[in-house]
Every structure is written in structure tokens, then in C-alpha cells.
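**Q** sharing a model that was predicted from the sequence below.
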Amino acid sequence: MRLKIIVLFVIICGGTYALTKSLSIAAGVAILLYVADSLLAVWADRKNREYFSGDKATTNKSADDTEGSNNNNDNGETDRTV
């Protein structure tokens, strides 16, 4: 799989160089491709861990908890008015 990505990078960078005749632009495209690949790999790994192992990368709090609202008291009543 990794070989396919390297071949694709070479084709894209070679095509960029052929179109622009600029080594710096081709190098910039290579760097952008590498960064995008790294970010997508990290994102996919996190999603796979969440899905398959039930691990949460971040804790999901409800809107009331993040806003600091005391929505429910001990009696189950709310402090919001309509």
C-alpha cells in the first residue's frame, strides 16, 4: 500500500515539474502531499480506534455541561424559562 502512495506522489510531482518547469513548485507540492497524507493517516487511525475499540479520542459533553448551565437540580426541575 505504501508503494502505491509513493508512486502516486512521484507521478504528481513529476507532472507538476513537467507543467511548470520549476523544481521549487514541485517540491512544494511534494511537501503538501506528504502533510495531507500524514494528517489523513492520523485521522483514519483515530476513527478506527473509536469505531473498533470503543475508545473516544475526546470526551463528548452535553451542551449544558459545556455552557456551565445548572439545568437540572436535585428535584429534576430546570432553571430555564420559556
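**A** Thanks, I have it. Just so it is clear, the structure is predicted and the values come from calculations on it, not from any experiment.
**Q** now the helices for this structure?
**A** With DSSP state H, the ranges of helices along the chain come out as 2-20, 23-53, 63-67.
**Q** need the ones you listed in JSON lines with mean pLDDT, can you?
**A** Written out in JSON lines, the entries for the helices of the chain read as follows (pLDDT from 0 to 100):
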{"stretch": "helix 2-20", "mean pLDDT": "93"}
{"stretch": "helix 23-53", "mean pLDDT": "92"}
{"stretch": "helix 63-67", "mean pLDDT": "53"}
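**Q** could you dump these to TSV with mean neighbour count?
**A** The C-beta positions use only the backbone N, C-alpha and C, and glycine is treated the same way. Converted to TSV, the helices of the chain look like this (neighbours: other CB atoms under 10 Å):
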stretch	mean neighbour count
helix 2-20	12
helix 23-53	12
helix 63-67	10
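**Q** how close does the closest residue to Tyr34 other than its chain neighbours get to Leu33?
**A** Sequence neighbours aside, Phe9 is the residue nearest to Tyr34 in space, at 7.6 Å (criterion: CB to CB, 6 or more residues apart in numbering). Relative to Leu33, Phe9 is positioned 5 Å away (CB to CB, to the nearest Å).
**Q** one more: Leu3?
**A** Distance from Leu3 to Leu33, counting by CB to CB: 15 Å.
**Q** cool, Tyr51 as well?
**A** 26 Å.
**Q** Ser22 now?
**A** Here the distance between Ser22 and Leu33 works out to 16 Å (CB to CB).
**Q** sorry, back to before: the residue nearest to Tyr34 against Ala30, yeah?
**A** Yes. The pair Phe9 / Ala30 is scored as a contact, 6.4 Å apart, by CB atoms under 8 Å.
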